[in-house]
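Engineer: need coordinates for the following:
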Amino acid sequence: MIFRFLGYYFMNRMKDIRMKKMRKKQVQSLSCLFAMALVCMMMPSRLRAQAQDSVHVDLQKAIEIALSETPTMRIADRTVQIKQEYKKEQIAALFPDVSIAANYNRTLLKQQMSMDMGGQTMNIKVGRDNTYSVGANLSLPLIAPALWSNLKLSSMDIELAQEAARSSKLELVNQVKQAYYLYLLAKQSYEVLLKSYANIEASNQLVTNSYNQGLVSEFEKLRSDVTLQNQRPAVSSAAKSVRLADMRLKVLLGMNIDEPVIFDGKLDDYEESVLNATMPSEQDIQLAQNSALRQLDLGIQELEQSKKIITGASLPMLALAGAFQYSGMGDDGQAFNNYPYSYLALSLQVPIISWVSTSYKLKQSDLNIQNMRDQRLDAERNLLIGVQSYLNDMQQAIEDIAADRETMMQAQKAYDIAKKQYEVGMNTWLDLNTAELTLTSTQLTYCQSIFNYLTAKANLDATLGVE
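Structural biologist: Residues are numbered from 1 along each chain as shown. Predicted coordinates:
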């Protein structure tokens, strides 16, 4: 009887100690909640002020900002303007060239001439002390094949510069899309890991409560504590990834990394559009708008035009020239004798020997054209392979999204069941932790599948030249 009494006494004593510990933890928890409530009461005004200062930017707005603020686009636009000004310079060569010239000479020592006059030598000084001339010169090309061909080449240069600017625009839009989708992936992955951390924390609290009641072993509590501690670095790493993705996107948009910008959107927002998307067939895939191929085509046209310039340089050239001059001369203290002078002439230049070197230049141009055509053929084949790869990635992503969504719903249901069973003691903590890890993995895989489709679609649009 005494031992039984002592046993009951110690058991009751231990229960009292555990109850005191639980009350103490409850008081601490209430204190923390009260402190958090005070902080939340003090923060709304500050959060509202930050929200008012922050600018919300979606994907379309981000593309517009990048196209207007990025130095790459400004450089491309200036390059087009340079080509346009050069064409105007070439056109100006077709107009008459008029120039005015003036000249004045002061004779320091006159030239002497010796003449034999009846057996006597006579020295005569030639010239005047002062000589001047004023006149206007005129030149106008009438037939200039090389100049006309060069003018057409300048027009092609403008088209090539415009296509290069279009290529820069397509590449920039693709980069903005990729960076924006990467930011959404990082943000949603961070949210998934935060939710996973909250679930593990709740599970750890259940294990701790069960351990305090003597329902689970210390080993199981230690495993739960270690799992909770191991989850914190993953959450911290995900937060850093969000920050880096945010900074990279801001730099790409031409913003300062500290600007208060909120990028809106979630990967979930694209789920319905992805699942309802219609995959283009291989017959519908056209590379006519691909910027790289268009630039190669323009390069071939420029080489063919260069052949015409080479040929034109060996053709006859006809030019009109004219001048009107007014000159005068006289000695110091005497009246000047004035003489007007003018002429109008046609100048014809016919190359003869230059055709020998011209033939070699034409052969070189033909070889360059053949090389560029082969480059275009090789580029087109590689682009077709890339397009097919993007289509396969998109199709695979659509199938993965449909399967991942179903798997994610099942994993969520399995986790809820495992949590309820653990609360009533029907399964172990290991079962609960496995269900939670499975749920987190399926959610991250689901986000990755949407990201894979969006990035493949952006690359496909850039390759096909879709603006």
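Engineer: when you work out contacts or count neighbours from here on, use the C-alpha atoms and nothing else.
Structural biologist: Fine.
Engineer: what are the buried residues along stretch 215-235?
Structural biologist: Neighbour counts using 16 or more other C-alpha atoms under 10 Å place 216, 220-221, 224-225, 227-228, 231, 235 of stretch 215-235 among the buried residues.
Engineer: show me the helices in the chain, by range?
Structural biologist: 2-42, 44-53, 59-69, 71-92, 145-212, 218-252, 271-275, 291-312, 355-423, 429-464 (DSSP state H).
Engineer: excluding sequence neighbours, find me the nearest residue to residue 402.
Structural biologist: residue 275 (7.5 Å; C-alpha to C-alpha, 6 or more residues apart in numbering).
Engineer: list the contacts of that neighbour.
Structural biologist: 398, 401-402 (C-alpha atoms under 8 Å, 6 or more residues apart in numbering).
Engineer: now pLDDT and neighbour count too, for these, in TSV please.
Structural biologist: As requested, the contacts of residue 275 are arranged in TSV below (pLDDT from 0 to 100; neighbours: other C-alpha atoms under 10 Å):
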residue	pLDDT	neighbour count
398	92	22
401	92	22
402	89	15
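Engineer: from those residues, which is closest to residue 153?
Structural biologist: Closest approach to residue 153 among those (C-alpha to C-alpha): residue 398, at 47.6 Å.
Engineer: return the set of buried residues in stretch 320-332.
Structural biologist: Neighbour-count burial for stretch 320-332 [16+ other C-alpha under 10 Å]: 320-321, 323, 325, 327-330.
Engineer: what's the answer for stretch 355-372, then?
Structural biologist: 358, 362, 365, 369, 372.
Engineer: TSV for these, including distance to residue 426 and pLDDT?
Structural biologist: Formatted as TSV, the buried residues of stretch 355-372 follow (distance: C-alpha to C-alpha, whole Å; pLDDT from 0 to 100):
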residue	distance to residue 426	pLDDT
358	94	82
362	89	88
365	84	90
369	79	93
372	74	93
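Engineer: just the residues you listed now: which is nearest residue 197?
Structural biologist: residue 372 (58.0 Å).
Engineer: confirm for me that the closest one is in contact with residue 298.
Structural biologist: No. Using C-alpha atoms under 8 Å, residue 372 is not in contact with residue 298; the gap is 10.5 Å.
Engineer: least trustworthy helix or strand in the chain by mean pLDDT?
Structural biologist: Lowest by mean pLDDT, DSSP states H and E among the helices and strands of the chain is helix 2-42, with a mean of 41.
Engineer: hmm, back to that, looking at the contacts of residue 275, which is nearest residue 244?
Structural biologist: Taking C-alpha to C-alpha as the measure, residue 401 is the one of these closest to residue 244, at 26.4 Å.
Engineer: and residue 76, how close does it get to residue 186?
Structural biologist: 32 Å (C-alpha to C-alpha, to the nearest Å).
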